[in-house]
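Asks: missing the sequence, but the structure's below:
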């Protein structure tokens, strides 16, 4: 029997297919990196030699950091512009969510790099990042007056879900637009708080002498 035939037989006995799947599953136990375009591909897009890119970015990590800075600044600016331009009487939680979702769906690759990678993303990465964070936390008091920061994270989690699933599961019919989904989310979260407040007030009235 030839060496290659013997090797194939041994491989069959090992159930290599099963081992390969198991190894991949094991690797997926940890978050996987989301890559920026390579330095060489960026050089081709700019019609320059790769050495020209390395002059400005000594490593891919340096490029990645610069891209994160630029994209996070773009997102912050979009949400702040929407809030600043909102008409009187507009629900600013809905305005913020709509702007966040719209930017994400218009910049899918950038969004994945920002929020589906393990890169650190402090509010200070963008010039006005901390200011916007504080604005959203203040708006989130409608959801949880005693824990507005946690409420802001809950809203962010919900908005992220709207975005991420639509980016990755394009074959699904979601039954509503992202904007409609945002309105229902904000309405549900603020309604829960209003109901809790009403229940607390009713309970207090029943215990009054």
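Replies: All right, it came through fine. Bear in mind the structure is a predicted one, so any value in this text is a computation, not a measurement. Residues are numbered from 1 along each chain as shown.
Asks: from here on, contacts and neighbour counts on C-alpha atoms
Replies: Noted.
Asks: what separates residue 59 from residue 112, distance-wise?
Replies: Look at residue 59 and residue 112: by CA to CA, to the nearest Å, they are 21 Å apart.
Asks: again with residue 142
Replies: 29 Å.
Asks: picking up where we left off before, between residue 59 and residue 112, which is the more surrounded one?
Replies: residue 112 (17 against 12; other CA atoms under 10 Å).
Asks: buried ones in stretch 105-119?
Replies: Buried residues in stretch 105-119, counted by 16 or more other CA atoms under 10 Å: 105, 108, 110, 111, 112, 113, 114, 116.
Asks: Do me a favour and get the end-to-end distance for that stretch?
Replies: Using CA to CA, the end-to-end distance of stretch 105-119 comes to 20 Å.
Asks: neighbouring contacts of it?
Replies: Stretch 105-119 has contacts (CA atoms under 8 Å, 6 or more residues apart in numbering) with 31-36, 68, 71-72, 104, 121, 163, 167.
Asks: Please work out how many residues are found near residue 68.
Replies: Neighbours of residue 68 (other CA under 10 Å): 22.
Asks: Now do the contacts for it.
Replies: Contacts of residue 68 (CA under 8 Å, 6+ apart): 113, 114.
Asks: so how far is whichever strand or helix holds it off the chain centroid?
Replies: Assigned by DSSP states H and E, residue 68 falls within helix 60-84. Counting by CA atoms, centre = their mean, to the nearest Å, helix 60-84 is centred 13 Å from the centre of its parent chain.
Asks: follow-up on the earlier one: which one of the buried residues of stretch 105-119 sits closest to residue 179?
Replies: Of all the buried residues of stretch 105-119, residue 179 sits closest to residue 105, with 11.6 Å by CA to CA.
Asks: Would you mind measuring from the closest one to residue 67?
Replies: For residue 105, the distance to residue 67 (CA to CA) stands at 18 Å.
Asks: Please apply the same query to residue 174.
Replies: According to CA to CA, residue 174 stands 31 Å off from residue 67.
Asks: Look at the two and report which has more neighbours.
Replies: Taking neighbours as other CA under 10 Å, residue 174 and residue 67 compare with residue 67 leading, 16 against 13.
Asks: quick one: that one and residue 159, what's the gap?
Replies: 22 Å.
Asks: residues near residue 129, how many?
Replies: 20.
Asks: Identify the residues contacting the closest residue to it other than its chain neighbours.
Replies: Nearest in space to residue 129, with sequence neighbours left out and distances taken as CA to CA, 6 or more residues apart in numbering, is residue 123 at 4.6 Å. Contact analysis of residue 123 by CA under 8 Å, 6+ apart lists 129, 130, 133.
Asks: Could you rerun that using 10 Å?
Replies: Taking CA atoms under 10 Å, 6 or more residues apart in numbering as the criterion, residue 123 is in contact with 72, 76, 129, 130, 131, 132, 133, 134.
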